[in-house]
Each structure stands twice: as structure tokens, then as C-alpha cells.
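**Student:** A structural model of the following input is requested.
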Amino acid sequence: MKTSRPGTYLPAGYAPQYPPAAFQGIPEHTGCPTFQTDYQGPHSGNPGPQAGYTVSTAGCEGYNATQLPVQNNQAIILVNTQWMPAPPPLQSCPPGLEYLSQIDQILIHQQTELLEVVTGFETNNKFEIKNSLGQMVYFAVEDTDCCTRNCWEASRPFTLRILDNLSREVMTLERPLRCSSCCFPCCLQEIEIQAPPGVPVGYVTQTWHPCLPKFTLQNEKKQDILKILGPCVACTCCTDIDFEIKSLDGQSRIGKISKQWSGCVKETFTDSDNFGIEFPLDLDVKIKAVVLGACFLIDYKFFEGCE
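**Tutor:** Numbers count the residues shown, from 1 in each chain. Sure, this is the predicted structure:
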């Protein structure tokens, strides 16, 4: 194992590729999304904007109504949503991930589905992904068929599509069907992070342990970069639950993924969860995307069925 270079959290030879910004948005900006008139679509491998994706900017004064696509010809309309200002493109950065270069915290709010609360019928999950200022950065939509959701429940394989404020699918998370028992050290949990869709930028794999939740973060070449260590009891009451992000040797604490306590009513009657992510501002944006993928894997693995 090569030693880390001073001032970095990554193994030698794996330095951050993209210069971070020193702020999370522009104070004087109205919050209305910036449209790139010269945008020609992402590089090869990303299908780009898809049919039916529309964004309404009528009356934009810091907020806008955004229509996002979902399955079965339905749509999600986000009204009075303040989006994070679009940062300038970064050289060699996957399109859409430049947002991550400006933030060191992410807040994830799962939307509560009325049908699921009343009937217990599992629906596709939807998540709002925000920065520390409360501005929307991405919106995530699960794409799983009805039979898979309700037969496999929390253990289900899924595709999670992450969209930006222009309704471009900037990331795709693919979770295959794996064993959910801690008694078997084979077929452990994993998730693949693609940015743009179809181009892997990293993986999260579970490390077997009889008691502790342990995961390894890997880059696109499946080289180990960081690890995540959770508490012995993942489902607790009236408190936040922290999963620490650490260096491979376990000596340095890089950040954390926190399952935030949402209150007795929401925790009891729904499986809608809130998460917070902290990582260094200068961490490679691809690894930040992998940490985001790890958060969703932790949610489905430990908290999707906690109600």
C-alpha cells in the first residue's frame, strides 16, 4: 500500500483532478438556473437530454417550477424550488459533476409518498439532493418495476437516476441483487456509480463483518480509495446515526454519512429518510459522487425497511 501524499486523502498518484471552488453558490445570484446557450450535450457515452424533459422558468425570481420525468408517462413538478447556480464547466470533469466541486456538504431528503403511507404499497423512491444553503443540486428518481419493489422490498436491485436542474441525467446508480444476510461472506452488497450514464466512475462494495457495517469506496479501475465504517446497531431511536468515512489505514477521518433523526411520527409511519454527507472540499468530484452512491446504498440496506 502506497503512503498518502501530504495534504491529500487519496493514495499516491491519485490526486484531485478538478480545482475546487471556495464557496457554495454566488451570494448575489437570484437562484434561477443558468442555461448554457452553447451546450452541445455531454461527451460520448451520455444520451443527453431525453424526450419529454422540460423546464419552466416563467416568473423566475430566485425560484422556478421544474418538471422532471418519471416512469409510466408521469412527471414530477417541483414548484418554488431554489436551485444551486450552475457552475462553469471544468475540463475533463464529467458533465454535471462540476456542482460537486463547490460543496463539502450534501443534504438528502426522501419525499414522503401518500400511497405508500396509506396502503403500505412500495413506490419508486424520490430524493431531493441539496447543498448546505438549502439549494437544490440534484433530484434522484428510482426506476424499478412494481414486482421487484414489492417482492424484494429493501433488498431489491434498482436503478437510481440523478438529474440536474436542466433535467439532464448526470449520474446513474446501479445496484444488483445481492445477499442481505450478515452471516454469509459472499454475494455482498455493491453499487456502481456512472457519470455520465454508462460510464463507471466508481464502486461501493461491502466488506464482510459479522456485526459492523463496513464498505470500501473504489475508483473506476476498482482500486480501493476510502472506506466507510458504521455503528454496530444501525437502527437506533431519537438520535443521528453516523457512518464515518476514513482512509484505508483507518487512521484519518475524512468525513461522514449521517442518517438524521426525522421525528417520531415520520420515523414510525414512513420509510422516508434524511441524510447528511460531509467530505473535504478538495476531494475529487468522482469520489464525491461515489460517496453519494454509498449514502443511497446505506439507506436501502439499513433504513428502507425501518418503519
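
**Student:** so where is the stretch 201-307 of the chain shaky, pLDDT-wise?
**Tutor:** The model of the stretch 201-307 of the chain has pLDDT under 70 over residues 233-237, 262-272, 305-307.

**Student:** strands of that one, start to end?
**Tutor:** Here the stretch 201-307 of the chain has its strands, by DSSP state E, counting those that start in this stretch, at 214-219, 224-229, 241-247, 253-260, 274-278.

**Student:** residue ranges of the helices in the stretch 101-250 of the chain, please?
**Tutor:** For the stretch 101-250 of the chain, applying DSSP state H, counting those that start in this stretch gives helices covering 114-119, 146-152.

**Student:** related to what we said a few turns ago, dump the strands of the stretch 201-307 of the chain to JSON lines, plus distance to Leu188.
**Tutor:** Any C-beta I mention is one placed from the backbone N, CA and C, and that applies to glycine too. As requested, the strands of the stretch 201-307 of the chain are exported to JSON lines (distance: least, C-beta to C-beta, whole Å):
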{"stretch": "strand 214-219", "distance to Leu188": "9"}
{"stretch": "strand 224-229", "distance to Leu188": "13"}
{"stretch": "strand 241-247", "distance to Leu188": "16"}
{"stretch": "strand 253-260", "distance to Leu188": "18"}
{"stretch": "strand 274-278", "distance to Leu188": "21"}
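
**Student:** make CSV from the ones you listed and add mean neighbour count and distance to Cys151 to it.
**Tutor:** Listed next are those as CSV, based on neighbours: other C-beta atoms under 10 Å; distance: least, C-beta to C-beta, whole Å:
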stretch, mean neighbour count, distance to Cys151
strand 214-219, 20, 25
strand 224-229, 21, 28
strand 241-247, 19, 27
strand 253-260, 20, 25
strand 274-278, 20, 26
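
**Student:** nearest to Gln105, out of those strands?
**Tutor:** Checking the strands of the stretch 201-307 of the chain against Gln105 by C-beta to C-beta gives strand 274-278 as the closest, at 5.5 Å.

**Student:** the closest one vs strand 241-247, what angle?
**Tutor:** If you take axes from the mean of the first three to the mean of the last three C-alpha atoms, to 10 degrees, strand 274-278 sits at 20 degrees to strand 241-247.

**Student:** using CSV, list the CA coordinates for strand 274-278.
**Tutor:** These are the backbone C-alpha positions of strand 274-278, laid out as CSV (Å, rounded to 0.1, in the frame of the first residue of the first chain):
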residue,chain,number,x,y,z
ASN,A,274,-33.0,12.3,5.7
PHE,A,275,-29.2,12.1,5.3
GLY,A,276,-26.3,14.4,5.6
ILE,A,277,-22.9,13.9,3.9
GLU,A,278,-19.7,15.7,4.8
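
**Student:** same for that strand, what does it pack against?
**Tutor:** strand 105-110, strand 253-260, helix 285-298 (3 or more C-beta pairs under 8 Å, 6 or more residues apart in numbering; DSSP states H and E).
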